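A.B. asks: let's see this in three dimensions:
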Amino acid sequence: MSQTPETIVKVGVEGGTLTLTRARSRAGDWQFLVTENERTLLDFLPDEDRVKFGDGLSEFGPVATWEKALVLLDRYEWVQFYPVVVHEDFRAAVWTAVVERQKPPENDADGWQAISMERWRSLCFPQGEPYHSTEVDL
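C.D. replies: Numbers count the residues shown, from 1 in each chain. Below is the predicted model:
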């Protein structure tokens, strides 16, 4: 990827973050990349355990489509993590992906999913109303 990446989705989880970015390739096509950042976790580990994590960064991709980017994200339970950023051009697509991946209510005994869904809703619908655009350049 040659252009400065744009953050599409960023979620926080204990010890780090998971970020999906996109940038234009040299050929001008969009490329998506997932970065797992566990550097915060490294601060809490003894020196002998830090070796297993290297620099605390792992990258997956790049891939050329939104659907393939979701496959990369789906290696993790990203919808259950704490959402931090949703790119404004991807709000509808992210919301659809989140709803498709949510667990049945009977599997939410501690109520975390309801809290998480409210946070996703606030990032995908910052004006408090559903996002209706169908013209998203993915």
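A.B. asks: what does stretch 109-120 contact?
C.D. replies: Outside of stretch 109-120, the residues within contact range by C-beta atoms under 8 Å, 6 or more residues apart in numbering are 79-83, 86, 94-95, 98, 102-103, 105, 107-108. For glycine as for every other residue, the C-beta is placed from the backbone atoms N, C-alpha and C.
A.B. asks: roughly how far out does that stretch sit from the chain middle?
C.D. replies: Chain-centre distance of stretch 109-120: 16 Å, with C-alpha atoms, centre = their mean, to the nearest Å.
A.B. asks: how about it: buried residues?
C.D. replies: Applying a neighbour-count criterion of 16 or more other C-beta atoms under 10 Å, the buried positions in stretch 109-120 are 113, 116-117, 120.
A.B. asks: export those residues to a markdown table and tack on pLDDT?
C.D. replies: Compiled in a markdown table, the buried residues of stretch 109-120 are given as follows (pLDDT from 0 to 100):
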| residue | pLDDT |
| --- | --- |
| Q113 | 77 |
| S116 | 84 |
| M117 | 88 |
| W120 | 94 |
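A.B. asks: for these, which one is nearest Q31?
C.D. replies: Proximity to Q31 was ranked across these by C-beta to C-beta; first place goes to W120, at 24.8 Å.
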